[in-house]
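> mind looking at a prediction? Sequence and model below.
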Amino acid sequence: MNEYILTIDEGTTSARAIIFDHSGEIVSVAQQEFTQYYPKPGWLEQDPIEIWTTTMEVIGKCMIQSGLTPEQIKAIGITNQRETVVVWDKNTGTPVYNDIVWGDRRTAPYCDELKAQGYEPMVKEKTGLIIDSYFSGTKIKWILDNVKGAREAAEKGDLIFSNIDGWILWNLTKGEAHMTDYSNASRTLLFNIHTLDWDDELLELLTIPKSMCPEVRPSSGHFAYTKVHNLFEGKAIPIEGIIGDQMSATFGQCCFQKGQCKITWGTAGTMTMNTGDEAIESKNGMLTTIGWGLNGKVQYLLEGTVYNAGSSVQWLRDEMKFIESSGDSEFFAAKSTLPLGTCYVVPAFSGLGAPWWDSYARGTIFGLSRGAAKNDVIRATLDSIGYQTRDILESISQDMGEKIELLRVDGGACNNNIITQFTSDILGINVERPSNVETTAAGAAYLAGLSVGYWKDEQDILNNRKVDKVFHPEMDTAQRERLYAGWKNCVKALMVWSEGEKAL
Ligand code: ADP
């Protein structure tokens, strides 16, 4: 009887169930979207019950499609949208409010207050994070402060919280397990990434009772058994891996060693660098976070985000109507006739992130001549993904004090050969695209599989890794540095404009 690993992948817009075989190949996948709620500008919520019912449906579909029996599922791994938080009543299992999604900005004014009061250095030292509304802590406080009766119930010990991983685990186990893993805990703003404990001072600052916190465990290891009658024909399957999505993609890319890094070019672009057992504090606006807990220790990462990667291609498609599908961008960009470095697009639609940090900046096109045409703007937009990748890579490289020799890529936009080749050219290093670009789901599967001995060790997993293509730098150094200097000029000019805007 062949055995398999099931990953439950809780994304921001959809839930997926994916079954992997021993060679790391996908055997079956089912996916379904759930509703996004925008109650006010800048707010973003989901219904935790809908996420759970959607999850059950995709697990059911995935199992039926695969033709496997529950006995053939050796273990389950869970990966999830990070920071999104649910608060529920542990007696009834009922959420007291919708889950508040990572991108929700409702607590931004409160975060500004905390910063003005001088808390950021302390928070950064303990959590590796900046004070920002993205992280779960201030969202939990908002629920306790704004939902009638919530604070009293929390203080009585009736309410608990978790990110989506723990919510799904709780439901899979019918309320037996209230747990999360180190990677998810490290995104709450409440967890000390050095002592590996919930931090009393931070909990007190955000007025969150400690009794609400999930138990934190290594990402790979036994969590609990499933207990839901209408799933897996009632059979108890062990849940053996939990990990946040970006960390999971890092593991799925086999960045097991210090100095190995990947970027996931989805809607945004997130680069993570394995810094081994050392939590490096960034001087360049990167976050320090826990990658995973495995074999009795944790691995730390440095993480930096490009706000607009694939989303700039969506902008070409949906707003400019230059292309019909994201994939078309490659075809049209190849027809651009302007020399590189003539026209630049800076897709700062929602401001500039690391290392520039200018929230007033907005998207800009530079260097249009009379002959500049649609295809040139498409090409410049694709190139902006490469330039921004270099911005982040240089910041991380400085923090590490090491030159980075290879970048692994995944996410929707990595299928675009122009983006990937140009990134290699502008970085001057090799860029590697794996055959299996479903790295997020693979990471959780690997961690669960390692826990039950399905894969022996990291080497066993590495043996599975297949590379689709390595892109080598083809540009000479002078050209590379000229183009990148041109990009930096654009960013500088944009920041002058945004200074002016701020003053108006
Ligand atoms: P997410 O998980 O953030 O939704 P995905 O990894 O599914 O992202 O990638 C989707 C993003 O990748 C979209 O923004 C889309 O525009 C972009 N994308 C997908 N295919 C291509 C392509 N061939 N060329 C450029 N961009 C692409």
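Done, it's in.

> got the contact list for Ile419?
By Cβ atoms under 8 Å, 6 or more residues apart in numbering, the contact set of Ile419 is Trp265, Glu330, Leu382, Ile385, Gly386, Ala413. Where you see a C-beta, it was placed from the backbone N, CA and C, and this is true even at glycine.

> so which of the residues you listed sit within strands?
With strands defined by DSSP state E, the entries of these inside them are Trp265.

> now the contacts of Ile419 in JSON lines, with pLDDT?
Listed next are these as JSON lines, based on pLDDT from 0 to 100:
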{"residue": "Trp265", "pLDDT": "94"}
{"residue": "Glu330", "pLDDT": "98"}
{"residue": "Leu382", "pLDDT": "98"}
{"residue": "Ile385", "pLDDT": "97"}
{"residue": "Gly386", "pLDDT": "98"}
{"residue": "Ala413", "pLDDT": "94"}
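
> which stretch of helix or strand covers the spatially most central residue of the chain?
What sits nearest the mean C-alpha location of the chain, by Cα atoms, centre = their mean, is Gln246, with 3.6 Å. Take DSSP states H and E as the rule and Gln246 turns out to sit in helix 245-252.

> other SSEs contacting that helix?
In terms of contacts (3 or more Cβ pairs under 8 Å, 6 or more residues apart in numbering; DSSP states H and E), helix 245-252 is packed against strand 73-80, strand 261-265, strand 269-274, strand 287-294, strand 297-306, helix 439-451.

> just how off-centre is the last one within its chain?
If I follow you right, that is helix 439-451. Relative to its parent chain, helix 439-451 has a centroid offset of 15 Å by Cα atoms, centre = their mean, to the nearest Å.

> next secondary structure element downstream of it?
Remark: after helix 439-451, the chain's next helix or strand is helix 458-462, criterion DSSP H and E.

> what's the answer for the first one, then?
Helices and strands here follow DSSP H and E; after strand 73-80, the next one along the chain is strand 85-89.

> for that next one, which positions count as buried?
Judged by neighbour count (16 or more other Cβ atoms under 10 Å), strand 85-89 contains these buried residues: Val85, Val86, Val87, Trp88.

> now swap in stretch 471-488 and tell me
Going by neighbour count (16+ other Cβ under 10 Å), the buried part of stretch 471-488 is Phe471, Pro473, Met475, Arg480, Leu483, Tyr484, Gly486, Trp487.

> any idea of the angle the helix holding Gln246 forms with helix 439-451?
Taking axes from the mean of the first three to the mean of the last three Cα atoms, to 10 degrees, one finds that helix 245-252 is oriented at 70 degrees with respect to helix 439-451.

> pLDDT of helix 245-252, averaged?
The predicted model gives helix 245-252 an average pLDDT of 96.

> between strand 287-294 and that helix, find me the angle.
50 degrees.

> and Thr79, what does it touch?
Per Cβ under 8 Å, 6+ apart, neighbours of Thr79: 7-10, 165, 242-245, 248, 440-441, 443-444.

> repeat that for 7 Å
Each residue near Thr79 by Cβ atoms under 7 Å, 6 or more residues apart in numbering is listed here: Thr7, Asp9, Ile243, Gly244, Asp245, Ser248, Thr440, Ala441, Gly443, Ala444.

> just Ser359 next, same as before
Ser359 sits next to Gly351 when contact means Cβ under 7 Å, 6+ apart.

> any idea how far it is from the ligand?
21 Å (Cβ to the nearest ligand atom, to the nearest Å).

> contacting residues for the residue nearest to the centre of the chain?
Arg82, Thr264, Thr270, Thr272, Glu303.

> what bridges to the third one?
Meaning Thr270. Going by DSSP bridges, Thr270 is paired in beta bridges with Thr264, Thr305.

> doesn't Thr264 make contact with it?
Yes - counting by Cβ atoms under 7 Å, Thr270 touches Thr264, with 5.2 Å between them.

> among these two, which residue is more densely surrounded?
Neighbours were counted for Thr270 and for Thr264 using other Cβ atoms under 10 Å; Thr264 has more, 29 against 21.

> quick one: residues contacting Glu458.
Phe256.

> can you give me the helices in the stretch 151-300 of the chain?
164-172, 182-185, 200-205, 245-252 (DSSP state H, counting those that start in this stretch).

> tell me which of these sits nearest to Leu450.
helix 245-252 (9.7 Å; Cβ to Cβ).

> what's Arg16 sitting at in phi/psi?
phi -130, psi 150 (degrees, to the nearest 10).

> how about the nearest residue to Lys74, chain neighbours excluded?
Excluding the flanking residues, the one nearest Lys74 by Cβ to Cβ, 6 or more residues apart in numbering is Glu3, at 4.2 Å.

> separation between the one you found and Glu402?
Here the criterion is Cβ to Cβ, to the nearest Å. By it, Glu3 lies 40 Å from Glu402.

> take the contacts of Ile419 and, keeping just the buried ones, write it as a ChimeraX select command.
To isolate the buried members of those in ChimeraX, using 16+ other Cβ under 10 Å:
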select :265,330,382,385,386,413
